[in-house]
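K.L.:
Sequence and predicted structure, then a few things I'm wondering about:
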Amino acid sequence: MATDLQITVRKVASVNPATGEVLRELACASESEVVASVARAHAAQTAWSDLGVRGRLAVVREFQRLLHARKTEVARLISQEAGKPYAEALVTEVMVVLDAARFLTQNAFALLREERLPHGNLAMKTKVGWIRREPYGVVGIISPWNYPFSIPATEALAALAAGNAVVVKPSECTSLVAVELQKLLHAAGVPEDVFRVMPGDGPTGAALIGSAIDKLIFTGSVATGKRVAQAAAARLLPVVLELGGKDPMLVLDDADVDVASSGAVWGAFVNAGQTCLSVERCYVHRSLYELFLNACVEKTKKLRVGDGLDPASDVGPMIHERQLKIVESQVEDARARGARILAGGSRLPYLGPNFYAPTVIADVTHEMRLMREETFGPVLPVRWFESEDEAVHLANDSEFGLAASVWTRDKARGVAIARRIDAGTVMVNDAVACFGISEAPHGGVKASGLGRTHGKFGLDEMVRIKYIDSDRLPGVKKVWWYGYGKRFSQQMEGFVDMQFAHGLGARLRGALRSAGVLRRKEQL
């Protein structure tokens, strides 16, 4: 008798975090589907690369036009699926991607073209060389839920402009936004097999890492990033890892308290604090400490928390219960260790399932989890410092090093301190906004990851560097070929002295000793 076999299809649910409404369920891409998609991407990538930089940038320009035309619908979808206020979705996601496309269309041709490489060594003056930038092939992207449009889109645009095909595994929480990105790119002229989205869960991501991709761009937690790096190392797969931060904010004794407190409140609570560049540690000079705290509390209490689709909302929900529990746990640990909760510090269940009140906490210490572990929630922890050296020490006392900010009326002083902070980016009198500067590289040091996205350095991550060298005298044997002997060794000593000895006389003597090297009879 024939037996019917039931195949269980894994699914991921897209849920509105403000309401708990299931927006849509999507089938998880299986390992075989991921492998097949990557294979098709490889087959299609050559023709995409052969289109040339100008041809590919024409597609990027069309994508920019289409996105601008649909900016409202895209921003609303981001707000609906990720929870952030519509204004944030528009500015920190859609506008960032539009500007990334602008950067590429204006700069990618010059940054990707072949570059002549001059030779300084006199022995190599008969050669001409140049640098060629070639696409990797297929770039895999594993993207997070907190910026479900701007992160994969900016990375994918750079990869596509460089001539790669791209396969994206989005967060299971925000697959609909990734699918919308795919629709826009295909409508702009990117061939279907050159850009594919593979919705799914952890096994789907693992399948992408284990597939025949040529490079991986991963954004996520440190713990997951380490596992990704270990898996990639097994086959020397090159990776870019953006693994989050615990960004410090330093408010110096000459800072404008009104400006700095507004910056702290926005930097800590934008996207409900679910930003890798969030202000997660705030250090204030003792002379301004209470004044600064009062200003932050006053401004925090004015924030309107609600559904991101409500135009009146300033702060939306957190993405899910698991993340909310992490925030609660850290806040309670700080409270138990003596920190003062000046605002917030609790859920807001009457608004919906995932709302947490914007929270200001004073008198925190580095013994508290809140100051050591990434929080990723709407919490602003503040402590005081006495001197600049102490402030820099506190800022650097972290396993993370993504970004930081310094607040002062003296710009030169701010820049001087910025140079002392261990971070991939340090802003003076602003926070978070560096992600929106398309020319600026994005990435960190220490546990915050490896490599860079955005700008020239992000584009460099999408290409292999090939050096090509051509000899101007193809019919002439090279003097350093075999047939050494005592006389040749003496001539080479003279040649080295002619280039590098100290003093004109020593160099001239070296030149005389090297004479005749081009007429060696003993050369093979």
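P.N.:
That came through, no problem.
K.L.:
List the neighbouring strands of whichever helix or strand residue 426 is part of plus their orientation.
P.N.:
Using DSSP states H and E, residue 426 sits in strand 425-428. Within its sheet, and counting by DSSP bridges, strand 425-428 is paired with strand 403-407 (parallel).
K.L.:
C-alpha coordinates for the following helix or strand past the partner strand, PDB please?
P.N.:
Sequence order places helix 411-418 as the next helix or strand after strand 403-407, per DSSP H and E. In PDB, the C-alpha atoms belonging to helix 411-418 read as follows (Å, rounded to 0.1, in the frame of the first residue of the first chain):
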ATOM      1  CA  LYS A 411      35.100  71.600  18.900                       C
ATOM      2  CA  ALA A 412      38.900  71.200  19.000                       C
ATOM      3  CA  ARG A 413      38.600  69.800  22.500                       C
ATOM      4  CA  GLY A 414      35.900  67.400  21.400                       C
ATOM      5  CA  VAL A 415      38.000  66.200  18.500                       C
ATOM      6  CA  ALA A 416      41.100  65.700  20.700                       C
ATOM      7  CA  ILE A 417      39.100  63.500  23.100                       C
ATOM      8  CA  ALA A 418      37.500  61.700  20.100                       C
END
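K.L.:
hmm, back to that, same question for the strand holding residue 426, mean pLDDT?
P.N.:
Mean pLDDT, strand 425-428: 98.
K.L.:
for stretch 301-318, same thing?
P.N.:
For stretch 301-318, the per-residue pLDDT averages 98.
K.L.:
I'd like the distance from the strand holding residue 426 to the chain centre, please.
P.N.:
15 Å (C-alpha atoms, centre = their mean, to the nearest Å).
K.L.:
swap in stretch 516-524?
P.N.:
That offset, for stretch 516-524, works out to 55 Å (C-alpha atoms, centre = their mean).
K.L.:
Buried residues in that stretch, which are they?
P.N.:
For stretch 516-524, a neighbour-count test (16 or more other C-beta atoms under 10 Å) marks 517, 520, 523 as buried. Heads up, the C-betas are built off the backbone N, CA and C, glycines and all.
K.L.:
closest to residue 104 among these?
P.N.:
Of all the buried residues of stretch 516-524, residue 104 sits closest to residue 517, with 49.4 Å by C-beta to C-beta.
K.L.:
And the pLDDT for the closest one?
P.N.:
84.
K.L.:
secondary structure class for residue 217?
P.N.:
With DSSP: H, G, I helix; E, B strand; the rest coil as the basis, residue 217 sits in strand.
K.L.:
okay but it is in contact with residue 141, surely?
P.N.:
Yes. Counting by C-beta atoms under 8 Å, residue 217 does reach residue 141; the two are 4.8 Å apart.
K.L.:
How many residues are close by residue 58?
P.N.:
Using other C-beta atoms under 10 Å, the number of residues around residue 58 comes to 15.
K.L.:
try residue 168
P.N.:
Neighbours of residue 168 (other C-beta under 10 Å): 25.
K.L.:
Could you measure from it over to residue 495?
P.N.:
Per C-beta to C-beta, to the nearest Å, residue 168 is found 54 Å from residue 495.
K.L.:
Also residue 463?
P.N.:
36 Å.
K.L.:
same deal with residue 129?
P.N.:
Residue 129 is 21 Å from residue 495, by C-beta to C-beta.
K.L.:
More neighbours: these two, which one.
P.N.:
For the pair residue 129 and residue 495, the greater number of neighbours falls to residue 495 (20 against 15), based on other C-beta under 10 Å.
K.L.:
Now do the strand or helix carrying the more buried one: distance to the chain's middle.
P.N.:
According to DSSP H and E, residue 495 maps onto helix 485-500. Offset of helix 485-500 from its chain centre (C-alpha atoms, centre = their mean): 49 Å.
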